[in-house]
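Q: Pasting the sequence and the predicted coordinates here, then a few questions.
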Amino acid sequence: MLDILTKAREYNEDIYPVFEQWLAKQREPISFLTMQETRKFIESGDLPPAVEIEQRKVIAFVYRNEGGHSYISSGEQARRDAKKLEKIAGSNLNTTHKVIKGVTVNRGTYTGKVRVVKDFREFKKIKPGEVVVTTTTRPDYNQYIMKAGAIVGDERSLMSHTAIVAREFKIPCIVGTKVATQVLKDGDMVKVDAGKGEVTKL
């Protein structure tokens, strides 16, 4: 499994300066394309339907099998796909372990209640001081993220938006846990020791 959308966004950022004039009106839509779709857009100018792009802005599910073939869904289908994956992954997890490990982004310790965010619309539910547990974040939701007492991310990237925001707002942050959104749930009390790269369920 690979976060193709994240890599596609990084890929897109590299081509923005080159095609700045040409992409002036398309910058927002292509931020939500896979790399394959981006290449197709460059070659032919074709984009997925506007309604599909709008759904991806809310929630998208991306999966790549061992053969390298990718699959992407959005909207309600993405939610169903994510739940299926959680069940499969959950059956292989030892959720009795109280410590989840990841990679340090911004040092610090913090104890608080968990707020799991799997859908971009759920960012609005974040309350001041909560430990935000998420797969990834977007600039659109900085006003909500900055309320967090700590941030715990599934994805591993020290240059991801999650990592950048944590450093900017000096929020203790760990990424690369892979399973935090599956193991933790809303209301769980946890201690985040970002210096050690550990989240301990209390």
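A: Nice, I can see it.

Q: just checking, what's the longest strand in the protein?
A: strand 109-117 (DSSP state E).

Q: Quick check: what element follows that one along the chain?
A: strand 131-134 (DSSP states H and E).

Q: That next one pairs with which strands, and in what direction?
A: With DSSP bridges as the criterion, the sheet partners recorded for strand 131-134 are strand 109-117 (parallel), strand 150-153 (parallel).

Q: Name the stretch among these that sits most buried.
A: Ranked by mean neighbour count under mean count of other Cβ atoms under 10 Å, the strands paired with strand 131-134 are led by strand 150-153, which reaches a mean of 28. To be clear about C-beta, it is placed using only N, CA and C from the backbone, and glycine gets the same treatment.

Q: Can I get the very next helix or strand once past that one in CSV, CA atoms only?
A: Sequence-wise, the next helix or strand downstream of strand 150-153 (DSSP H and E) is helix 161-168. Taking C-alpha atoms only, helix 161-168 is exported to CSV below (Å, rounded to 0.1, in the frame of the first residue of the first chain):
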residue,chain,number,x,y,z
HIS,A,161,2.2,19.1,5.7
THR,A,162,1.6,17.5,9.1
ALA,A,163,5.3,17.7,10.0
ILE,A,164,5.6,21.3,8.7
VAL,A,165,2.6,22.5,10.7
ALA,A,166,3.8,20.8,13.9
ARG,A,167,7.2,22.5,13.7
GLU,A,168,5.6,25.9,12.8
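
Q: Against which helices or strands is helix 161-168 packed?
A: strand 103-106, strand 150-153, strand 173-175 (3 or more Cβ pairs under 8 Å, 6 or more residues apart in numbering; DSSP states H and E).

Q: Export these as JSON lines, with columns for mean pLDDT and distance to Glu130.
A: Compiled in JSON lines, these are given as follows (pLDDT from 0 to 100; distance: least, Cβ to Cβ, whole Å):
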{"stretch": "strand 103-106", "mean pLDDT": "90", "distance to Glu130": "17"}
{"stretch": "strand 150-153", "mean pLDDT": "94", "distance to Glu130": "9"}
{"stretch": "strand 173-175", "mean pLDDT": "93", "distance to Glu130": "14"}
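
Q: so can I have a markdown table of the strands paired with strand 131-134 showing distance to Lys191?
A: Below are the strands paired with strand 131-134 laid out as a markdown table (distance: least, Cβ to Cβ, whole Å):
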| stretch | distance to Lys191 |
| --- | --- |
| strand 109-117 | 5 |
| strand 150-153 | 9 |
